[in-house]
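Visitor: Provided below for reference: sequence and predicted model.
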Amino acid sequence: MINLIQSFKIEVPKGIFIKDPETSELGKRIIKHSILLIDELGFELFTFKKLGLAINSNESSIYRYFESKHHLLMYLTSWYWVWIEYQLVLETFALKDTEDKLKKGIEVLTRTTEEDSNFEHINEVVLNKIIISENAKAYLTCDVDTENEEGFFKPFKRVVMRFSELILEYNKTYKHPLSLASSTIEGALQQHFFKQHIKSITNCNSKTSVTQFYTNLIFNTLKHEE
């Protein structure tokens, strides 16, 4: 298991980036500081010019890695979903009971993120805050069909597929596993957002976690399906 963790490498779909930022120190600085700056400013106010100032580099050097800030956002979201998929596989593969596997899957996809020391240049806690606020902006664009055909959303789609498989393992007759899986993943992000910013429209709080809500929702859905 230790060897698996040490050899694991997050691979973002090619085409999102011009040059893989993982291959250079500058690239890693771009990723590290883009996360911090997007969290500080929000995606709308974030620019490559501001990022260049933050890393003491020319704006043009960032364009050698990404053609636009939209592609940089897709890189960050893709990285995040590959990381989540890794945790989903790692934490469920040894479980034999289908209920335990599904519960663990729900936990992985809905829990509060903790920092992973395996990736020094990426603060996963801050990245998770960006995913909660900005994930949908990676695909809610007029270019979504083209980008989907080019495979840019494969990491997110794999997470949905893996979670839908856990749903079907628990209830083989359930007719909507993909819809339930994608709704859970996106809905959990939204509930975290509401919990932090619009508290009056969610029951998730310090006493009821997002994980507890979705565990209750999913098992009630699967147990009482007609």
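Guide: That came in fine, so what should we check first?
Visitor: in stretch 99-108, what's buried?
Guide: Going by neighbour count (16 or more other CB atoms under 10 Å), the buried part of stretch 99-108 is 101, 102, 103, 104, 105, 106, 107, 108. Backbone N, C-alpha and C define where each C-beta goes, glycine included.
Visitor: hmm, who's touching that stretch?
Guide: Stretch 99-108 is contacted from outside by 84, 87-88, 91-92, 95, 162-163, 166-167, 169-170, 184, 211, 214-215, 218-219, using CB atoms under 8 Å, 6 or more residues apart in numbering.
Visitor: which of those are buried?
Guide: Burial by neighbour count, 16+ other CB under 10 Å: within the contacts of stretch 99-108 this picks out 84, 87-88, 92, 162-163, 166-167, 169-170, 184, 211, 214-215, 218-219.
Visitor: List the ones among those residues that fall in helices.
Guide: 84, 87-88, 92, 162-163, 166-167, 169-170, 184, 211, 214-215, 218-219 (DSSP state H).
Visitor: Just list the residues touching residue 162, thanks.
Guide: With contact taken as CB under 8 Å, 6+ apart, residue 162 is in contact with 85, 88, 89, 105.
Visitor: ok, now residue 52?
Guide: 58, 59, 61, 62.
Visitor: how about 10 Å then?
Guide: 30, 33, 58, 59, 60, 61, 62, 63 (CB atoms under 10 Å, 6 or more residues apart in numbering).
Visitor: Farthest pair within those?
Guide: 33 and 60 (16.3 Å; CB to CB).
Visitor: Show me which of the two is the more surrounded one.
Guide: Taking other CB atoms under 10 Å, residue 33 and residue 60 do not tie; residue 33 has more neighbours (19 against 9).
Visitor: by contact count, what packs against whichever strand or helix holds the more buried one?
Guide: Remark: residue 33 resides in helix 25-41, with elements defined by DSSP states H and E. When contacts are defined as 3 or more CB pairs under 10 Å, 6 or more residues apart in numbering; DSSP states H and E, helix 25-41 sits against helix 48-54, helix 59-63, helix 69-92, helix 124-134.
Visitor: Could you count how many residues lie near residue 117?
Guide: Per other CB under 10 Å, the neighbour tally for residue 117 reads 7.
Visitor: how near is it to residue 124?
Guide: 10 Å (CB to CB, to the nearest Å).
Visitor: Which of the helices and strands in this structure ranks last by mean pLDDT?
Guide: helix 2-7 (a mean of 48; mean pLDDT, DSSP states H and E).
Visitor: Residue 66 reaches residue 16, doesn't it?
Guide: Yes. Look at residue 66 against residue 16 with CB atoms under 10 Å: they come within range, at 7.9 Å.
Visitor: list residues touching both of those two?
Guide: Common neighbours of residue 66 and residue 16 (CB under 10 Å, 6+ apart) are 72, 73, 74, 75.
Visitor: Enumerate every residue touching residue 167.
Guide: 98, 102, 105-106, 174, 176-178, 180-181, 184, 218, 221-222 are the contacts of residue 167 under CB under 10 Å, 6+ apart.
Visitor: Nothing else from me, thank you.
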